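J.: just coords:
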């Protein structure tokens, strides 16, 4: 009998993609970023997700990043790869034909722009489940996709598709995550996709987080995550409160503009994004820099 297993637990990080002034990928900075988050407690990494500016990367660049991250991580932690889109057939073809050596699962976002019904979402992810050679993590982020994968549909998928092991829940609604958590089938788990409410989600039973802030503050956010998951709610809450002012700054002008500004303030990468994304405003940059200067890790 197939035993469902989610390898993506604890403190996960959605890796950013550093760029050079000529807009090429800065692999030297990416190498240092990976080394820093692994040294400071990352349990798994998410590659080619939203924070990576994946829509602006060419197929060649995506392949280069995949191979580079696999080489740098060298099996030390599980790797989750973003493979999604709004053309179900194209996503399934990519899953059937791609080389996913070194990865332990795929993260697949709800179809964007098309605005499918709940039945359409179910059929989309059922097809992806059947095509995927790896465990699948659903990704619900209605603020970006224009559609919300409702709890009943999530649970229907989880019950019918044995290789769908988790959902990255980024609807922003604790009540929605709680509804899923109250009826989880065996082996299926919830992962927070929103740094600002991760503490509450972990305390409610989520298995982990895929964090943006973790790129810049891996020790602090990792401590918050691990303390809460370990049952030390007071310690987790204290770390959450220390980071509270930073959460809205990361998204006020879009992700990854906020975290790239923060990483730049820390001297880890250059504050360069690819259009249509641009750096944050001077006001937001000042607030992020002030927080970074005052924060005691």
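T.: Everything's here; your move. Not measured: the values here are computed from a predicted model.

J.: Give me the pLDDT value at residue 155.
T.: Residue 155 is assigned 98 on the pLDDT scale.

J.: Let me know whether it touches residue 182 as I believe.
T.: No. With contact defined as C-beta atoms under 8 Å, residue 155 does not reach residue 182; the gap is 9.6 Å. Any C-beta I mention is one placed from the backbone N, CA and C, and that applies to glycine too.

J.: was I right about residue 207 contacting residue 11?
T.: No. With contact defined as C-beta under 8 Å, residue 207 does not reach residue 11; the gap is 10.9 Å.

J.: Which one of the two is surrounded by more residues?
T.: Using other C-beta atoms under 10 Å, the more surrounded residue of residue 207 and residue 11 is residue 11, with 25 against 21.

J.: Can you give the strand pairings for whatever helix or strand that one lives in, parallel or anti for each?
T.: Using DSSP states H and E, the element containing residue 11 is strand 10-14. Here strand 10-14 is paired, per DSSP bridges, with strand 44-47 (parallel), strand 208-211 (parallel).

J.: after that strand, next one along is what?
T.: helix 27-39.

J.: angle of that next one against strand 10-14?
T.: 170 degrees (axes from the mean of the first three to the mean of the last three C-alpha atoms, to 10 degrees).

J.: Now helix 27-39: buried residues?
T.: Buried residues in helix 27-39, defined by neighbour count with 16 or more other C-beta atoms under 10 Å: 29-30, 33-34, 36-38.

J.: how about low-confidence regions in the stretch 151-297 of the chain?
T.: Counting by pLDDT under 70, the ranges of the stretch 151-297 of the chain that qualify are 297.

J.: give me that answer again for 90
T.: 172-173, 296-297 (pLDDT under 90).

J.: Which residue ranges of it form strands?
T.: 164-169, 189-192, 208-211 (DSSP state E, counting those that start in this stretch).

J.: contacting residues around residue 163?
T.: 2, 4, 129, 132, 134-136 (C-beta atoms under 8 Å, 6 or more residues apart in numbering).

J.: likewise residue 247?
T.: Residue 247 touches 195-196, 213, counting by C-beta under 8 Å, 6+ apart.

J.: Next one: it from residue 212, what distance?
T.: 10 Å (C-beta to C-beta, to the nearest Å).

J.: and for the two, which residues touch both?
T.: With C-beta under 8 Å, 6+ apart as the test, residue 247 and residue 212 both reach residue 195.

J.: Spatially nearest residue to residue 140, not counting backbone neighbours?
T.: Take residue 140 and drop its neighbours on the chain: the residue closest to it by C-beta to C-beta, 6 or more residues apart in numbering is residue 149, 4.1 Å away.

J.: Please identify the most buried of the strands paired with strand 10-14.
T.: Counting by mean count of other C-beta atoms under 10 Å, strand 208-211 has the highest mean neighbour count of these, with a mean of 29.

J.: Mind jotting down where the helices sit in the stretch 101-250 of the chain?
T.: 118-131, 142-145, 151-160, 174-181, 198-204, 218-229, 233-243, 246-251 (DSSP state H, counting those that start in this stretch).

J.: For the fifth one, buried residues please.
T.: Of the residues in helix 198-204, those scored as buried under the neighbour-count criterion (16+ other C-beta under 10 Å) are 198-202.

J.: which residues are contacting it?
T.: Contacts for helix 198-204 (C-beta under 8 Å, 6+ apart): 169, 174, 177-178, 181, 190, 192, 194, 206, 208-209, 211, 224-225, 228-229, 233, 236-237, 239-240.

J.: next one: it to chain centre, how far?
T.: Using C-alpha atoms, centre = their mean, to the nearest Å, the mean C-alpha position of helix 198-204 is found 16 Å from that of the whole chain.

J.: Understood, closing this out.
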